[in-house]
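Asks: Build me a model:
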Amino acid sequence: MAKSSIRARARLKGDTTTVKALITHKMETGLRKDKKTGKLIPAHFIQEVTCQHNGNTVVLAQWGPAISKNPYLSFQFTGAAAGDTVSISWVDNKGEKDSTSTKIK
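Replies: This next block holds a predicted model:
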């Protein structure tokens, strides 16, 4: 099995769950030039990030080329319990995708 490009953790404090995720991705804008060839590096960026708690979407983010390389995402929501599952997935402009799940601690 290939290593996921998403590292995530979820912590419950009181009635609020905090999710933190780090996504490994180049996030090329399509505006930078290759120093060796002088040609533009093709755009390659995450377009959509979906975060779900027990199958229900809690965050749906539409991203573009202005997001930095290896983006960090953090959000909070209520209504979860310790042991519940949080899933994070992304799709980029080239159709590549990845996902991961973590248990709330």
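
Asks: in the sheet, who's paired with the closest residue to residue 71 other than its chain neighbours?
Replies: Residue nearest to residue 71 in three dimensions, not counting chain neighbours: residue 23, with 5.3 Å by C-beta to C-beta, 6 or more residues apart in numbering. Bear in mind the C-beta positions are built from the backbone N, C-alpha and C, glycine included. Per DSSP bridges, the residues bridged to residue 23 are residue 6.

Asks: what's the answer for residue 57, then?
Replies: Going by DSSP bridges, residue 57 forms beta bridges with residue 52.

Asks: correct me, but it touches residue 49?
Replies: No - counting by C-beta atoms under 8 Å, residue 57 stays clear of residue 49, with 10.9 Å between them.

Asks: Tell me which of these two has more neighbours.
Replies: Between residue 57 and residue 49, counting by other C-beta atoms under 10 Å, residue 49 is the more crowded of the two (20 against 10).

Asks: check contacts around the residue nearest to residue 71.
Replies: 5, 6, 46, 49, 70, 71, 72, 73, 90 (C-beta atoms under 8 Å, 6 or more residues apart in numbering).

Asks: mind running it again at 10 Å?
Replies: Counting by C-beta atoms under 10 Å, 6 or more residues apart in numbering, residue 23 touches 4-8, 46, 49, 63, 67, 69-73, 88, 90, 98, 100.

Asks: try residue 79
Replies: Per C-beta under 10 Å, 6+ apart, neighbours of residue 79: 15, 16, 17, 53, 54, 56, 58.

Asks: Closest one of those to residue 37?
Replies: residue 58 (43.0 Å; C-beta to C-beta).

Asks: how far away is the closest one from residue 26?
Replies: 27 Å (C-beta to C-beta, to the nearest Å).

Asks: The two: who's more crowded?
Replies: Ranked by neighbour count (other C-beta under 10 Å), residue 58 and residue 26 place residue 58 first, with 19 against 11.

Asks: Surely residue 76 and residue 19 touch.
Replies: Yes - counting by C-beta atoms under 10 Å, residue 76 touches residue 19, with 7.4 Å between them.

Asks: re earlier: what subset of the contacts of residue 79 is buried?
Replies: Buried members of the contacts of residue 79, counted by 16 or more other C-beta atoms under 10 Å: 17, 53, 58.
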